[in-house]
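1. next come a sequence and a model predicted from it.
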Amino acid sequence: MLSAPAQAAVTARAPAKVNLLLEVGPLRDDGYHDLLTVFQALDLAEDVTATAADGFSVEVEGAGGVDVTGVPLDERNLALRAALLLAERAGVRGGVHLSVRKGVPVAGGMAGGSADAAAALVACDALWQLHLGLDALGELGAELGADVPFCLHGRTAVGTGRGDRLVPVLTAAPFHWVLVLAGRGLSTPAVFAECDRLREVSGAPVPEADAGERLRAVEAALRAGDPAALGAALANDLQEAACSLAPELSGTLAAGAAAGALAGLVSGSGPTVALLAASAPHARRVAAALRPALGERVRTATGPVPGARVLEAVRAR
Ligand code: C5P
């Protein structure tokens, strides 16, 4: 039998996400919250090139103006952790050098770190010719972060559990977004903790993340490809907490409404604000209206897009 030629380097790409719906249930004993969420993958991406090496190392650069200051280059780096975990579980000898090109804002609530892990898993799986498949990589990825399985699968999906159990959702049309990146990041654990604190202060019973009316409204809008209906159905239980920690987000949401967006919400734990538009030209008009005040922080994006995949493989000589 002929064995496949060894790869010298593999580049993989994984997408950012926006949460169209994020219902947060009670805090669990393991420190996570039960979620009911609808993810959509957007065409902002992380590219990871895995090159055969003796040890394990990572370098990071920003693409399209993404500021990578503060991204760790040690074993806290999610791409590096993904490569180490895959090598350990698959019994790979030797190492890898990872070169990460970040097109997703850092600590922005768009799963940039999880996309790094997803792209690293796919790139290393191909480099080492493990052929593990998306489901096995997703199980490994879930150990690294709740959003990693979605970044592997992409498109549009309902997530339950920690957000890592996925069911695909039918989506009729592309949806057009305007993203407003924040000047600073927000820590995901801090936003969940603030959500718990606000709930305790309010004294209201904590709702279950229960796949009810709100999910049906989002699914119907996606199936119909109806941006106005989707705009009316967008909801994020973490938004109040994100706005409490970063009060300027309320102003960004108001600016989006004034610029004519159909609707807006904080993406995941924030602080990126995602504004929904009716079409690509409408997204460009909303972005143009926001740019005089917000400049380079304004981007347009489209979803859904596929999950993590190999872009290029260079054979060993
Ligand atoms: O899994 P990930 O590393 O993305 O999660 C970061 C933090 O966000 C967790 O440690 C937890 O504090 C919070 N989180 C949560 N419930 C979830 C997902 C994340 O409380 N379902």
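-> Noted; the coordinates are in hand.

2. tell me where this protein has helices.
-> Assigned helices in the chain, in chain order: 78-90, 112-127, 134-144, 148-153, 188-202, 213-224, 227-233, 239-245, 248-258, 280-294 (criterion: DSSP state H).

3. so which residues on the stretch 51-200 of the chain come close to the ligand?
-> Within the stretch 51-200 of the chain, the residues that sit near the ligand (CB under 6 Å from any ligand atom) are 145-147, 162-163, 188-189, 192. The C-beta positions use only the backbone N, C-alpha and C, and glycine is treated the same way.

4. most neighbours among those, please name it.
-> G163 (31 neighbours; other CB atoms under 10 Å).

5. need phi/psi at it.
-> Here the main-chain torsion angles of G163 (degrees, to the nearest 10) amount to phi 100, psi 0.

6. next one: L234
-> Dihedral angles (degrees, to the nearest 10) for L234: phi -60, psi 140.

7. neighbours around the spatially closest residue to V104 that is not a sequence neighbour, how many?
-> Excluding the flanking residues, the one nearest V104 by CB to CB, 6 or more residues apart in numbering is G112, at 3.5 Å. Other residues near G112 come to 29 when the count uses other CB under 10 Å.

8. for G112, what are its contacts?
-> By CB atoms under 8 Å, 6 or more residues apart in numbering, the residues touching G112 are 16, 46, 102, 104-106.

9. what's the spacing between it and the ligand?
-> 11 Å (CB to the nearest ligand atom, to the nearest Å).

10. check V167 too.
-> For V167, the distance to the ligand equals 16 Å [CB to the nearest ligand atom].

11. which strand residues bridge the residue nearest to that residue when sequence neighbours are not counted?
-> In space, and not counting its chain neighbours, V167 is closest to V158: 4.9 Å by CB to CB, 6+ apart. V158 forms beta bridges with V38, V167, as assigned by DSSP bridges.

12. residues in contact with V158?
-> Counting by CB under 8 Å, 6+ apart, V158 has contacts 36-39, 166-167, 169, 211, 215, 219.

13. what would those residues look like in TSV with pLDDT?
-> Conversion of the contacts of V158 to TSV gives the following (pLDDT from 0 to 100):
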residue	pLDDT
L36	97
T37	97
V38	98
F39	98
L166	97
V167	97
V169	97
A211	74
L215	97
E219	97
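
14. what about burial for the residues you listed, which qualify?
-> Among the contacts of V158, those scoring as buried are 36-39, 166, 169, 215, 219 (criterion: 16 or more other CB atoms under 10 Å).

15. ok, so of the residues you listed, who is nearest the ligand?
-> T37 (8.4 Å; CB to the nearest ligand atom).

16. the closest one is in contact with L22, isn't it?
-> Yes. At 4.8 Å, T37 and L22 qualify as touching, with contact defined as CB atoms under 8 Å.

17. what is in contact with these two at once?
-> Contacts common to T37 and L22, judged by CB under 8 Å, 6+ apart, are absent.

18. hmm, back to that, the contacts of G112 in strands, which ones?
-> 16, 46, 102 (DSSP state E).

19. export the residues you listed to JSON lines and tack on pLDDT, distance to A259 and neighbour count?
-> JSON lines is the format used below for the ones in strands among the contacts of G112 (pLDDT from 0 to 100; distance: CB to CB, whole Å; neighbours: other CB atoms under 10 Å):
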{"residue": "A16", "pLDDT": "97", "distance to A259": "22", "neighbour count": "29"}
{"residue": "E46", "pLDDT": "96", "distance to A259": "28", "neighbour count": "31"}
{"residue": "K102", "pLDDT": "97", "distance to A259": "27", "neighbour count": "25"}
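
20. looking at these, which is nearest the ligand?
-> A16 (13.7 Å).

21. what sits against E248?
-> A182.

22. repeat that with 7 Å
-> By CB atoms under 7 Å, 6 or more residues apart in numbering, E248 lies in contact with nothing.

23. can you tell me how far it is from the ligand?
-> 22 Å.

24. what's the answer for V104, then?
-> In this view, V104 and the ligand are 14 Å apart by CB to the nearest ligand atom.

25. hmm, who's touching the least confident helix or strand in the chain by mean pLDDT?
-> Ranked by mean pLDDT, DSSP states H and E, the weakest helix or strand in the chain is strand 309-315, scoring a mean of 92. Residues outside strand 309-315 that contact it (CB under 7 Å, 6+ apart) are 5, 7-13, 47, 122, 126.

26. change it to 8 Å
-> 5-13, 47, 122-123, 126.
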